[in-house]
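[1] Have a look at this fold, sequence not included:
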């Protein structure tokens, strides 16, 4: 269960502070699938980064199962993120100096619970599922956007995370690739009983989710 | 995986990394070369003086005297009488052995050394074998027999029984003394020094040759033909390079003196201090003084070497710092994947360590390689043997460079630490 209470995040803007995120409460049961909606600047990405522990909230608490993410120290947060969180970025954020396969394996390395063989076997399996086998030795710059996004997803899934966070994962993809990506994420969530949170402003994506959290600049509500 | 990330990220900019490695390697190479040469050359030169405990000769530059007698370089000084040898041998309280040496002629550029058979019994010290051992043949016995150094045999293609003419003066293209032929009766084993390039012959050969040559030059009452005039002119030109006159039987250029002991050497030296017609030198001391005069290779060059390494390290670190700032996005991605701060620091340290460590190792190899090349060139040109052993100073320098480099590689880590809080902004 992911529980959020009175969460706000402010950023400095000159001499003043502006509130980018304001979420009074939110609960996502384990294995549930959510779509975060809202206009640009409503705090979707900020919320995902706060949940992933990449960004410290200004106020409020975040609880993931029995771990209070707003209370543990930075090192514990890194370990928790490495083991539990699969994060998919809008612009993929692959490491340009590693091959597709190495990027995928890199996703599992920081979980600290797999042997090299286990990581390699799992990477081979994921590349097969995602049609990346022939591209395993290619660098990100040699891949199309759709291929890069599939590598990024494989990198997020390889560690078998309990919490899958995707920030506009289909923003730079065409409709066909977009549908493939959403299917992949939802299938994983269902099979692994992992909580899935996708931030998106695309209606084709939003319409596929019954659980939606709508964020506004004033506040938020779920439906 | 951390090592792989560090390595591959480093080589994601191959040109920058290669240039950094090159800068580091060249600085270390130059320093290693300078340090090795400083000590190697001094050790090589001093080692060559070992068989020559003391040298007695005519007054003049002691450096020129040693260079000519020990290293077979430069021009000989004037001569002294053979009587000096006799007197030294008679001084048994101070002198164990005195061996005459006569210089001035050559064989196709190799110095002809007139001496006596006792030279074959000389040892650098009692624990070592004879300095001039024969690899084949026998020592010379009669005038115009020659024992040649191994380089002479190799480079002139001379073997036992072969004959050759000597040349007036020390230049390879001088006028040949065609009055008498020398016959090779022995070839020296490696002497470990310049005498690999010597042609040894009884001192009487030199005396006879010069007495004969001067007789020819002294023909009077006849006008020389054009060819004779030209030949005479050539001899005069060569005599400028041949300042001594060995035509008088009994003249020598230098005397190798083996004292009875250390104290006796200094007593003997004291006796020569007051003399104006002769000088006594300690060759090893002359070489040491020469190095002192030049400021002792190591002491002068080492700081320059360290300065070069310091500059190279500064270049590496500034570049590493800038690279760290440029790669913050990569570190932010790794952080999002679960990398801890410690793991990110480890990547940064490893990258700087790779550049400094590999640069230092390549630099050492390049520096030592250049030293070996120079040692070979010096050995070929002058038969001075610089030690081929790895100098501890060069190893210390390289190790110090690695240790200091690793210590200062914390600078990019500090830069990263200061920027770490911005990782979130960098990703967005």
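    Yep, that arrived. Fair warning: this is a prediction, and the values are worked out from it, not measured in the lab.
[2] close enough to count as contact, residue B:116 and residue B:203?
    Yes - between residue B:116 and residue B:203 a contact is recorded at 6.1 Å, counting by Cβ atoms under 8 Å. C-beta: built from backbone N, CA, C; applies to glycine.
[3] Between those two, which has more neighbouring residues?
    residue B:203 (25 against 17; other Cβ atoms under 10 Å in any protein chain shown).
[4] per the record, what domains does chain B have?
    B:2-45+B:296-427, B:50-293 (automatic domain parsing).
[5] of all these, which lies closest to chain A?
    domain B:2-45+B:296-427 (2.2 Å; Cβ to the nearest Cβ).
[6] which stretches of chain A aren't confidently modelled?
    For chain A, residues meeting the criterion pLDDT under 70 lie at A:217-223.
[7] now the helices for it?
    Remark: helices assigned in chain A by DSSP state H are A:44-51, A:74-84, A:100-109, A:116-129, A:145-157, A:175-192, A:203-206.
[8] Could you check how many residues crowd around residue B:277?
    Count around residue B:277 with other Cβ under 10 Å applied: 10.
[9] is it true that it touches residue B:56?
    No - using Cβ under 8 Å, residue B:277 makes no contact with residue B:56, being 10.9 Å away.
[10] quick one: common contacting residues for the two?
    Residues touching both residue B:277 and residue B:56 (Cβ atoms under 8 Å, 6 or more residues apart in numbering or on different chains): residue B:80.
[11] and residue A:20, what does it touch?
    A:9-11, A:41, A:43, A:46.
[12] Redo the residues you listed as CSV? Include neighbour count and distance to residue A:210.
    Shown next, in CSV, are these (neighbours: other Cβ atoms under 10 Å in any protein chain shown; distance: Cβ to Cβ, whole Å):
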residue, neighbour count, distance to residue A:210
A:9, 21, 27
A:10, 15, 32
A:11, 13, 32
A:41, 13, 26
A:43, 25, 22
A:46, 24, 24
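[13] when you check those against the strands, which ones overlap?
    Counting by DSSP state E, these place A:9-11 in strands.
[14] Can you lay out these as a markdown table showing distance to residue B:289?
    Formatted as a markdown table, the ones in strands among the contacts of residue A:20 follow (distance: Cβ to Cβ, whole Å):
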| residue | distance to residue B:289 |
| --- | --- |
| A:9 | 78 |
| A:10 | 78 |
| A:11 | 75 |
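[15] Which ones among these also lie next to chain B?
    Counting by Cβ under 8 Å from any Cβ of the partner chain, nothing from the ones in strands among the contacts of residue A:20 sits close to chain B.
[16] quick revisit: could you name every residue contacting both of residue B:116 and residue B:203?
    residue B:100.
[17] Next, format the domains of chain B as CSV and append mean pLDDT and distance to chain A.
    Output for these, formatted as CSV (pLDDT from 0 to 100; distance: least, Cβ to the nearest Cβ, whole Å):
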stretch, mean pLDDT, distance to chain A
domain B:2-45+B:296-427, 80, 2
domain B:50-293, 81, 51
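[18] With distance to residue A:113 as extra columns, can I get those in a markdown table?
    Shown next, in a markdown table, are those (distance: least, Cβ to Cβ, whole Å):
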| stretch | distance to residue A:113 |
| --- | --- |
| domain B:2-45+B:296-427 | 11 |
| domain B:50-293 | 64 |
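[19] circling back to that earlier point, out of the ones in strands among the contacts of residue A:20, flag the one nearest to chain B.
    Nearest to chain B among the ones in strands among the contacts of residue A:20 is residue A:11, at 9.3 Å by Cβ to the nearest Cβ.
[20] What is the neighbour count of residue A:27?
    Using other Cβ under 10 Å: residue A:27 sits among 12 other residues.
[21] How much space separates the residue lying closest to it once chain neighbours are set aside from chain B?
    Once flanking residues are discounted, residue A:27 sits nearest to residue A:3: 5.3 Å by Cβ to Cβ, 6 or more residues apart in numbering or on different chains. Distance of residue A:3 to chain B, given as Cβ to the nearest Cβ, to the nearest Å: 22 Å.
[22] list the contacts for residue A:3?
    A:26-27, A:61-63.
[23] ok, which pair from the residues you listed is furthest apart?
    Distances among the contacts of residue A:3 were taken as Cβ to Cβ; the most separated pair is A:27 and A:61, at 12.2 Å.
[24] so what's in contact with those two at the same time?
    Common contact partners of residue A:27 and residue A:61 (Cβ under 8 Å, 6+ apart): A:3-4.
[25] just to confirm, which helix or strand has residue B:147 in it?
    Using DSSP states H and E, residue B:147 sits within strand B:145-148.
[26] sorry, back to before: bridging residues for the residue nearest to residue A:27?
    Under DSSP bridges, the beta-bridge partners of residue A:3 are residue A:27, residue A:63.
[27] which residues does the residue most central in space within chain A contact?
    The residue lying closest to the centre of chain A (Cα atoms, centre = their mean) is residue A:165, at 2.1 Å. By Cβ under 8 Å, 6+ apart, residue A:165 lies in contact with A:48, A:51-52, A:85-88, A:197.
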